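> Below are the sequence and a predicted model for it; my questions follow.
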Amino acid sequence: MSESLVKIWRVEIESHGSLADGIRAMNETLGAKYTNSRVNEWQDGRQKLPKKAARYMLQFVLPQIMKQHNVSNKALREITDEIMGLLPE
């Protein structure tokens, strides 16, 4: 799951800007110091994706997956909020 999640997150982030900006935003939000190299290691499975990073990425990926399945914007927000509320911190 983690490898796919990272790949989809990366594609989503890079479609709106640079990976460096996406990592910077993630680091600011999570109080972390992740690097491009670490994201590459998560993507290819050399390092395990931490739960807090997975949760952060899922906030971007889940809406994109639901949009691909024609979920309405209202339902998308409700489903995403409910799922995110179920995940551990």
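Structure received.
> Give me the contacts around stretch 30-47.
Residues from elsewhere that reach stretch 30-47 (Cβ atoms under 8 Å, 6 or more residues apart in numbering): 2-3, 6-7, 10, 19-20, 23, 26-27, 48-49, 52-53, 56. For every residue, glycine as well, the C-beta is placed using N, CA and C.
> Can you select the buried ones from those residues in ChimeraX?
Remark: buried members of the contacts of stretch 30-47, expressed as a ChimeraX selection using 16 or more other Cβ atoms under 10 Å:
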select :2,6,10,23,26,49,52,53,56
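> which one of the contacts of stretch 30-47 sits closest to residue 65?
Lowest distance from residue 65 to these (Cβ to Cβ) belongs to residue 7, with 12.6 Å.
> how near is the closest one to residue 41?
Residue 7 sits at a distance of 13 Å from residue 41 (criterion: Cβ to Cβ, to the nearest Å).
> Likewise for residue 57?
In terms of Cβ to Cβ, residue 57 sits 14 Å off from residue 41.
> Looking at these two, which is more packed in?
Comparing residue 57 with residue 41 by other Cβ atoms under 10 Å, the one with more neighbours is residue 57, at 23 against 16.
> Which element, helix or strand, includes the closest residue to that one other than its chain neighbours?
Residue nearest to residue 57 in three dimensions, not counting chain neighbours: residue 9, with 3.9 Å by Cβ to Cβ, 6 or more residues apart in numbering. Element membership for residue 9 (DSSP states H and E) is helix 2-14.
> got a list of what the most centrally placed residue in the chain touches?
By Cα atoms, centre = their mean, the chain has its centre lying nearest to residue 57, at 1.3 Å. Applying Cβ under 8 Å, 6+ apart to residue 57 gives the contacts 5, 6, 9, 26, 49.
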